[in-house]
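Participant: I would like the atomic coordinates for the input below:
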Amino acid sequence: MSVKSKMKVYYNSACPVCKAGIEMQMREDSVCEMQWNDVHEDNQLVAEVGAGLAFVRERLHVIDENGDLQIGFDAFLAIWRNSPKENWKYKVFGLPVLRHLCCFIYNLFAMALYRWNKWKKHW
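Facilitator: Numbers count the residues shown, from 1 in each chain. Have a look, this model is predicted:
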């Protein structure tokens, strides 16, 4: 009997963009058991990743199937790596040059989205 790996995803449902993306991701199949942790509903969850609430609200965090913490775009890569229908995204966007570019774009987008959410008083 094989033991199925487990991943923990930390996201912020107070952000409508983040919430929509995570809800879409929740419908995808995964080779790992996925535990979805909403830091907006339970602020104390951020202690599990050793980061402040503001940073976890700004960027997706994942503890991957190996127990390693992945943040931002790398968190998406970890999810895609374990999703049969989305594994192609991991293979393409995980290539070194593309990964570097996507991380940069993700970080800019995440900062802007975080500021927009604060301005809209989503938390």
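Participant: Quick one: residues contacting the spatially most central residue of the chain.
Facilitator: Compute the mean C-alpha point of the chain, and by C-alpha atoms, centre = their mean the closest residue is residue 60, 3.3 Å away. For residue 60, the residues meeting the contact criterion (C-beta atoms under 8 Å, 6 or more residues apart in numbering) are 9, 10, 11, 18, 71, 72, 75, 76. Where you see a C-beta, it was placed from the backbone N, CA and C, and this is true even at glycine.
Participant: Tell me which of these has the lowest pLDDT.
Facilitator: The member of the contacts of residue 60 with the lowest pLDDT is residue 18, and it reads 94.
Participant: elements contacting the helix or strand containing that residue?
Facilitator: Using DSSP states H and E, residue 18 maps to helix 16-26. Helices and strands in packing contact with helix 16-26 are listed as strand 6-11, strand 33-38; criterion 3 or more C-beta pairs under 8 Å, 6 or more residues apart in numbering; DSSP states H and E.
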